[in-house]
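Engineer: I'd like to go over a predicted model; first the sequence, then the structure.
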Amino acid sequence: MKTQNHLHDREAALALAMKDIAAELRLVDPADYVGYVRMEQYSNLEDIINSSSELLFQPGSLTFGLGADVRLSWGEEPRIFLDMEFRYDCVTVFFSLGLSRDREFIAIRMITFANPDEDPLVNTSRLASALAAARSVSQRS
């Protein structure tokens, strides 16, 4: 029997849901992110994330996890990593959202389901449903 990589499927579902958020977050100059992260000005990062998510997700369903990192090196584009938290409909996901110029990266740190099903595919489907339900009404049409 072939073993399916459920983490990969869950990260793919989360990445799809975060695509619009990532596009919004890329409107901020990377130098600003670098400054906020290096100076530990997490409230500024929280404001940016709240502003970017308020039109795309239900209030409180997507929040900043109060951690961030930047990767800078000569000759490479900056990469910003933001700790995020998604909570909606009995699903909680702690993850890192990585941003570069033209792509985003998702790394799930932990995921919990209220009353998890024994079948991981059912739980993955619950995550996808929660992500879809958390999208605001304006994004569903």
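Structural biologist: All right, it came through fine.
Engineer: ok, now how distant is the residue nearest the centre of the chain from Asp117?
Structural biologist: When Cα atoms, centre = their mean is applied to the chain, the residue found nearest the centroid is Leu97 (4.8 Å). If you measure Leu97 against Asp117 using Cβ to Cβ, to the nearest Å, the figure is 26 Å. Quick note: C-beta positions are derived from backbone N, CA and C, even for glycine.
Engineer: same check, this time on Leu27
Structural biologist: With Cβ to Cβ as the criterion, Leu27 and Asp117 are 39 Å apart.
Engineer: Just the strands from the protein, written as ranges.
Structural biologist: 62-71, 79-88, 91-99, 104-113 (DSSP state E).
Engineer: okay, the angle between the second one and strand 91-99?
Structural biologist: Looking back up the chat, that one is strand 79-88. 160 degrees (axes from the mean of the first three to the mean of the last three Cα atoms, to 10 degrees).
Engineer: Quick one: mean pLDDT for strand 79-88?
Structural biologist: Confidence for strand 79-88, expressed as mean pLDDT, is 97.
Engineer: Include distance to Arg10 when you put the strands of the chain into a markdown table, please.
Structural biologist: A markdown table is the format used below for the strands of the chain (distance: least, Cβ to Cβ, whole Å):
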| stretch | distance to Arg10 |
| --- | --- |
| strand 62-71 | 16 |
| strand 79-88 | 11 |
| strand 91-99 | 8 |
| strand 104-113 | 6 |
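Engineer: Identify whichever of those strands lies nearest to Leu14.
Structural biologist: Leu14 lies closest to strand 104-113 among these, at 5.0 Å (Cβ to Cβ).
Engineer: Paired strands for that closest one, with orientation please.
Structural biologist: When sheet partners are counted by DSSP bridges, strand 104-113 sits next to strand 91-99 (antiparallel).
Engineer: residue contacts, Thr124?
Structural biologist: By Cβ atoms under 8 Å, 6 or more residues apart in numbering, Thr124 lies in contact with His6, Asp9, Arg10, Ala13.
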